[in-house]
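In: Any chance you could fold what I've pasted below:
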Amino acid sequence: MSTRDRIVGEAMRLFWEKGYASTSINDILKAADANAGSLYHFFPGKQDLLCAVLDTYQSGIRPMLLEPAWAGIDDPIERIFALLARYRQLLIDTGCTYGCPIGYLALELHEPDPVVRVRIAANFDGWVDAIEECIAAARDRFPADVDPRRLAHFVLTTMEGAVMQARTYRTIETFDQSIAELRRYFNALQQTAGAPKPKGRKK
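Out: A predicted model of the protein is given here:
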C-alpha cells in the first residue's frame, strides 16, 4: 500500500472512531507510520485530507457496500432491504456502536466549507442513486404517482435515523422497528398497485 493510501485509510478510520475535529494530524501520522513531510506532500491541509477521505468513500460505495450486500439477490426491492440488513449486521457486530461515517461527518461539521459539503452531498447522492435504480427497476410494482427519487431519499432518511437510534439506545430493536415499518410501507405501496410478490434470492 502506498504512503498516500495508508494516510487516507488511517484518516478514514480515525475520523469515524474519534470524529474529524478530535483527530489531530499527529494522530494520523502515528497511525499511518508516516512523517509530516509525506502527509503535506499529498495534502496541504487537514481539509484536503478530509476531501480525499470523502472521495474514497464515494468511489467505494459499489465495491465496498452495494456489491457485497447484493450478492446473490436479483429482486430490486429485496436488494434495498439486503442493503439495510448489512447496516443491521454492522450494528450487531459492533454492539450497536456503528455509525454511518458520512452521517457522522454531516452532523459533526455544522457549517462545512463548500468543497466539503459538496462531497458529503455526493456521497449521499451515490447511495440514493443506487436505491432509486432499484425502485425504478421495479417501477411497475408501485402506483404511478410514486416518485422513485423521493422514495429513495426516504429510505436513506429511515436508515440514518434507525442507525442513530440504535446507537443511542444501544439496542438493535429500534433499528428493526424502523426497517419493519419501511417494509410495511413498501408492501402497502405494492399492494395498492397490485404488484406481484418479490422473487427474492436467485436459486
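In: Walk me through the domains of this structure.
Out: The record, using automatic domain parsing to delimit domains, assigns the chain the ranges 3-54, 60-192.
In: Would you mind giving those as CSV with mean neighbour count and mean pLDDT added?
Out: For glycine as for every other residue, the C-beta is placed from the backbone atoms N, C-alpha and C. Compiled in CSV, the domains of the chain are given as follows (neighbours: other Cβ atoms under 10 Å; pLDDT from 0 to 100):
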stretch, mean neighbour count, mean pLDDT
domain 3-54, 16, 94
domain 60-192, 16, 95
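In: got the contact list for the most centrally placed residue in the chain?
Out: Centrality entry for the chain: nearest residue to the mean C-alpha point is residue 100, 5.5 Å, by Cα atoms, centre = their mean. Going by Cβ atoms under 8 Å, 6 or more residues apart in numbering, residue 100 touches 87, 159-160, 163.
In: one more time with 10 Å
Out: With contacts taken as Cβ atoms under 10 Å, 6 or more residues apart in numbering, residue 100 has the following neighbours: 16, 87, 90, 106-107, 123-124, 127, 156, 159-160, 163-164, 167.
In: before we move on, what about residue 27?
Out: With contact set as Cβ under 10 Å, 6+ apart, residue 27 has these partners: 10-11, 14-15, 17-18.
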